[in-house]
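> quick check, what structure comes out for this input:
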Amino acid sequence: MGIGLLRFQALDLEFPSSQNENRVQLRAWLDSTLSKRASSVITTRVFSVSLELSRAKRAVSSLGSVRCVQTICRISVPGASSLEHKENTPSNFLRDKKMVPNSDPPSTKDVDHLYQFFDQSTKLVVLTGAGISTECGIPDYRSPNGAYSTGFKPITHQQFVRSSRARRRYWARSYAGWRRFTASQPSAAHTALASLEKASRINFMITQNVDRLHHRAGSNPLELHGTVYTVGCIDCDFSFPRDLFQDQVKALNPKWSAAIESLDYDSQSDKSFGMKQRPDGDIEIDEKFWEEDFLIPTCPKCSGVLKPDVVFFGDNVPKDRADTAMEAAKGCDAFLVLGSSLMTMSAFRLVRAAQEAGAATAVVNVGETRADEFVALKINARLGEILPRLLNVGSLSVPAI
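Okay, the predicted model is just below:
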């Protein structure tokens with residue numbers, strides 16, 4: 001099944017009130033035409049053009065004043081190869097993803113302000129949060145559509161360390177969610193940041209995310225809260241790749257893992273047993289799948305307790321990591337927050353320190369953040385809809401990687 005783009009012209013008409021019936025008929029015709037040609041999201045951009053109208057003009061030439069609308073449709077063509085490039089994906093495509101909070105598209109003014117922020121900095125530090133990964137299908141916690149909105153409570157460091165039952169619950173759910181979690185791909189925002197890094201427009205990047213999507217896009221940020229791609233022993237500090245841990249879980253629980261991998265992640269399916277994706281690779285599954293007879297691998301060096309290399313709620317960022325992030329924040333001339341509400345102190349203290357040291361500060365995020373009262377620039381926008389546009393603006397014009 002190939003995916004391509006079709007551009008064709010529809011109409012936006014201004015009708016006198018006496019012609020409402022004609023307007024309804026025309027809208028019905030346009031809706032019918034669009035539905036026949038498109039199988040995904042349609043995004044429109046209205047602009048003035050000369051009255052060189054095709055089929056739609058002939059259908060409504062006597063109905064009223066006309067403006068032309070360029071409509072871009074993603075269509076599925078059986079048997080055809082993919083014609084679409086990632087950079088040409090309509091920005092409204094993001095709105096189909098339930099995990100992405102609602103937001104109006106960024107205005108030209110928003111893009112210009114963000115461009116000026118980049119252009120006027122010589123030592124820019126960027127901090128990214130969960131908002132950049134929701135556009136890749138990974139849920140967050142605090143947005144209107146986030147996990148907290150459904151009453152979900154993530155595991156804490158204290159629960160994990162003290163309770164074997166809590167550890168079984170965590171690892172069973174995390175094992176079940178690993179396949180989908182690792183299938184997520186970097187977004188246009190990740191790619192745009194990697195391009196800006198390679199063009200030396202970003203001096204240092206920090207991420208609160210544990211998903212390694214920045215790495216897959218070509219960046220190498222400081223992982224403030226660690227990563228789920230590494231597993232470590234809390235007793236002897238030995239660590240090894242998560243994929244090896246997954247293999248060990250499968251070997252210890254062959255029937256259980258086979259059953260989990262055969263389940264459908266679609267929450268509408270009778271086979272799903274209520275499975276629901278949560279942040280950080282977690283999948284909500286019924287307790288009967290992990291309460292009994294689920295074995296957890298132990299440290300191959302000392303048989304100690306294994307934990308993902310992430311900073312759970314209630315834990316502290318390792319001192320050397322926190323010091324590196326703070327040094328970058330205090331030494332920059334501009335600090336940009338992308339997709340974070342800054343509700344965790346480990347992230348908020350960085351932008352506060354940068355501001356107190358005299359750096360310009362800005363936030364691009366959908367919704368309120370903890371720093372809104374003191375940052376010089378706040379833009380409410382999805383990152384995948386604004387960052388790629390910077391690549392073609394002024395002195396920032398750089399090729400996408």
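> which stretches of the stretch 151-300 of the chain have low pLDDT?
Counting by pLDDT under 70, the stretch 151-300 of the chain contains low-confidence residues at 151-153, 263-292.
> ranges for the helices of it?
Counting by DSSP state H, counting those that start in this stretch, the stretch 151-300 of the chain has helices at residues 157-162, 164-183, 188-198, 213-217, 242-252, 254-262.
> ok, which of those comes nearest N316?
Distance to N316, taken as Cβ to Cβ, is lowest for helix 157-162 among the helices of the stretch 151-300 of the chain, at 8.7 Å. C-beta: built from backbone N, CA, C; applies to glycine.
> helices or strands up against the closest one?
helix 164-183 (3 or more Cβ pairs under 8 Å, 6 or more residues apart in numbering; DSSP states H and E).
> now for the helix it packs on, which elements pack on it?
For helix 164-183, the contact count by 3+ Cβ pairs under 8 Å, 6+ apart identifies helix 157-162, helix 242-252, helix 254-262, strand 283-284 as packing neighbours.
> which parts of that helix are buried?
Within helix 164-183, the residues that count as buried by 16 or more other Cβ atoms under 10 Å are 167-178, 181-182.
> same check on stretch 385-396?
Within stretch 385-396, the residues that qualify as buried by neighbour count (16+ other Cβ under 10 Å) are E385, I386, L387, P388, R389, L390, L391, V393, L396.
> for that stretch, give the mean pLDDT please.
Mean pLDDT, computed over stretch 385-396, is 86.
> next, the distance between the ends of it.
17 Å (Cα to Cα, to the nearest Å).
> what about F335, helix or strand, and which?
Using DSSP states H and E, the secondary-structure element containing F335 is strand 334-338.
> before we move on, the earlier item: what's the closest of the buried residues of stretch 385-396 to H190?
Sorting the buried residues of stretch 385-396 by how near they are to H190, with Cβ to Cβ, puts L387 at the top with 8.8 Å.
> distance check, the closest one against D243.
With distances defined as Cβ to Cβ, to the nearest Å, the gap from L387 to D243 amounts to 30 Å.
> quick one, which of the helices of the stretch 151-300 of the chain gets closest to D372.
Of all the helices of the stretch 151-300 of the chain, the one in closest proximity to D372, counting by Cβ to Cβ, is helix 188-198 (20.6 Å).
> that closest one versus strand 334-338: what angle between them?
Using axes from the mean of the first three to the mean of the last three Cα atoms, to 10 degrees, the interaxial angle of helix 188-198 with respect to strand 334-338 works out to 160 degrees.
> closest one to T191 out of the buried residues of helix 164-183, please.
Sorting those by distance to T191 puts T182 at the head of the list, at 18.2 Å, by Cβ to Cβ.
> ok, back up a step: can you name the two of the buried residues of stretch 385-396 that are farthest apart?
E385 and L396 (16.5 Å).
> shouldn't Q208 be in contact with M343?
No: in this structure, Q208 sits apart from M343 without contact. The criterion is Cβ atoms under 8 Å, and the distance is 10.3 Å.
> those two: which has the busier surroundings?
Remark: of Q208 and M343, Q208 carries more neighbours, 24 against 13, as counted by other Cβ atoms under 10 Å.
> ok, K301 touching F240?
No: the pair K301 and F240 fails to qualify as a contact (Cβ under 8 Å) at a distance of 9.5 Å.
> quick one, which of these two is more surrounded?
Neighbours of K301 and F240, each counted by other Cβ under 10 Å, are more numerous for F240; the result is 16 against 13.
> next one: the more buried one from A325, what distance?
Noted for F240: a distance of 25 Å to A325, by Cβ to Cβ.
> could you find the closest non-adjacent residue to S239?
Distance criterion Cβ to Cβ, 6 or more residues apart in numbering; nearest residue to S239, sequence neighbours excluded, is G232 at 3.9 Å.
> show the contacting residues for that neighbour.
Contact criterion Cβ atoms under 8 Å, 6 or more residues apart in numbering gives F238, S239, L306, K307, P308, D309 as the residues in contact with G232.
> list the contacts for the second one?
The contact partners of S239, taken as Cβ under 8 Å, 6+ apart, are T230, V231, G232, C233, D309.
> next: the third one.
Residues touching L306, when contacts are defined by Cβ under 8 Å, 6+ apart, comprise V231, G232, C233, I234, F245, I296, P297, T298, C299.
> let's see if you can find the most crowded of those.
V231 (23 neighbours).
> test my guess that W171 contacts I296.
Yes: the pair W171 and I296 qualifies as a contact (Cβ under 8 Å) at a distance of 5.3 Å.
> which residues are common contacts for those two?
V249.
> that older thread, so which residues make contact with the strand holding F335?
So strand 334-338 is in contact with 117, 120-121, 123-129, 131-132, 189, 193, 329, 347, 350-351, 354-355, 359-365, 369, 371, 375, 383, 387, going by Cβ under 8 Å, 6+ apart.
> switch to 7 Å and redo it
In this structure, residues lying in contact with strand 334-338 by Cβ atoms under 7 Å, 6 or more residues apart in numbering are 117, 121, 124-128, 132, 329, 351, 354, 359-365, 371, 383.
> return the subset of the residues you listed lying in strands.
When DSSP state E is applied, the contacts of strand 334-338 are split such that L124, V125, V126, L127, T128, A360, T361, A362, V363, V364 fall in strands.
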